[in-house]
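Colleague: One predicted model, sequence on top.
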Amino acid sequence: MKTFKITALSVGFFAMAFVAPNMPQTPVAQTEPEVQSAFKDGERLTYRIYYNWNFVWLAAGEVTFKVFDEGKQYHFQAYGETYDSYEWFYKAKHVHNSWADKNTLLPNYSEREIQEGDRHNFEKIQFNQGSHKMTVWRAKQKGDPETKTEHNVKEQVHDILSSMYYLRTIDFAKRSKGAEEPFRIFMDKEEFPLKMRYLGKESRKKVRGAGKFNTLKFEPQVIVGDVFKDDNKMTVWVSDDENRIPVLIETPVSVGSVKVVLKDYSGLKYPLSSKQ
């Protein structure tokens, strides 16, 4: 089965998870969350994805992230879909669910269901963090016959959704500009050692439709391939408060560029004091 194709919608989804799997594959130690979780049961974040094509910004779709408290673990859910008005260009839908241990935020199990154009992919992953072994089941669609494979990893790993919530536990505001946080993810049957680079604070950052925020600024590397070029830079602005929610993401792609903009939020654990 081919690797999932990256579209404007999936660029937005991957960007929200701070993922950029093209880093050198050298061992990186997994660290524990430094602070208490920056989220709680019932948190809901919705983002609008814009695609710039021939100098025109098109509203491509939305991605919504939810948090559920299920006792000893969190259930993270993301649902993204293109708008009807964008489907003349390309139709896509992504559904991702991840169940992560409350103490480490490392996933125990995840499911990913993707529809892009006429193509479907369904994937389940069982994360055996203790033995560093991942079991993957894949099918064309949910309910179809599945193929099963097993994969060894070097360290404990996140999936793309749990990594987003893990990184929100880290108080970068107490770190120096240029500081990097290593973490690892497992996706598309591969293990990737990654880093998130902190670029410092940016005050009163204007976010279309949401207002102005005091922010923390980051630059993850991007996926080099059909969508991203070697010199593309992804920039992520996160609210400079205890919630540390992404409020804006900008990245060029091989044709045009993509913006991911905070549209709506509810159920935050702390007041959104960064909003001006």
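Modeller: That came through fine.

Colleague: I figured Ser266 hits Thr64, correct?
Modeller: No - applying CB atoms under 8 Å as the test, Ser266 and Thr64 come out as separate, 10.6 Å apart. The C-beta positions use only the backbone N, C-alpha and C, and glycine is treated the same way.

Colleague: In the stretch 51-200 of the chain, mark out all the strands, start to finish.
Modeller: Ranges of strands in the stretch 51-200 of the chain, per DSSP state E, counting those that start in this stretch, are 56-70, 73-82, 92-101, 107-116, 119-128, 133-139, 147-152, 180-187, 190-207.

Colleague: Using JSON lines, please lay out the ones you listed together with distance to Val260 and mean neighbour count.
Modeller: Converted to JSON lines, those look like this (distance: least, CB to CB, whole Å; neighbours: other CB atoms under 10 Å):
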{"stretch": "strand 56-70", "distance to Val260": "7", "mean neighbour count": "18"}
{"stretch": "strand 73-82", "distance to Val260": "10", "mean neighbour count": "20"}
{"stretch": "strand 92-101", "distance to Val260": "13", "mean neighbour count": "21"}
{"stretch": "strand 107-116", "distance to Val260": "18", "mean neighbour count": "20"}
{"stretch": "strand 119-128", "distance to Val260": "22", "mean neighbour count": "18"}
{"stretch": "strand 133-139", "distance to Val260": "27", "mean neighbour count": "17"}
{"stretch": "strand 147-152", "distance to Val260": "30", "mean neighbour count": "10"}
{"stretch": "strand 180-187", "distance to Val260": "19", "mean neighbour count": "20"}
{"stretch": "strand 190-207", "distance to Val260": "10", "mean neighbour count": "16"}
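
Colleague: Of all these, which one is nearest Tyr165?
Modeller: Closest approach to Tyr165 among these is made by strand 73-82 (6.0 Å; CB to CB).

Colleague: what bridges to the closest residue to Ala78 other than its chain neighbours?
Modeller: What sits nearest to Ala78 in space, not counting adjacent residues and going by CB to CB, 6 or more residues apart in numbering, is His96, at 4.6 Å. On the basis of DSSP bridges, His96 is bridged to Ala78, Arg112.

Colleague: From Glu250, how far out is His96?
Modeller: Distance of His96 to Glu250, given as CB to CB, to the nearest Å: 22 Å.

Colleague: just to revisit the earlier point, now render the strands of the stretch 51-200 of the chain as JSON lines, adding mean pLDDT and distance to Ile170.
Modeller: Output for the strands of the stretch 51-200 of the chain, formatted as JSON lines (pLDDT from 0 to 100; distance: least, CB to CB, whole Å):
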{"stretch": "strand 56-70", "mean pLDDT": "90", "distance to Ile170": "17"}
{"stretch": "strand 73-82", "mean pLDDT": "94", "distance to Ile170": "16"}
{"stretch": "strand 92-101", "mean pLDDT": "93", "distance to Ile170": "15"}
{"stretch": "strand 107-116", "mean pLDDT": "93", "distance to Ile170": "17"}
{"stretch": "strand 119-128", "mean pLDDT": "95", "distance to Ile170": "21"}
{"stretch": "strand 133-139", "mean pLDDT": "97", "distance to Ile170": "24"}
{"stretch": "strand 147-152", "mean pLDDT": "98", "distance to Ile170": "27"}
{"stretch": "strand 180-187", "mean pLDDT": "88", "distance to Ile170": "6"}
{"stretch": "strand 190-207", "mean pLDDT": "91", "distance to Ile170": "8"}
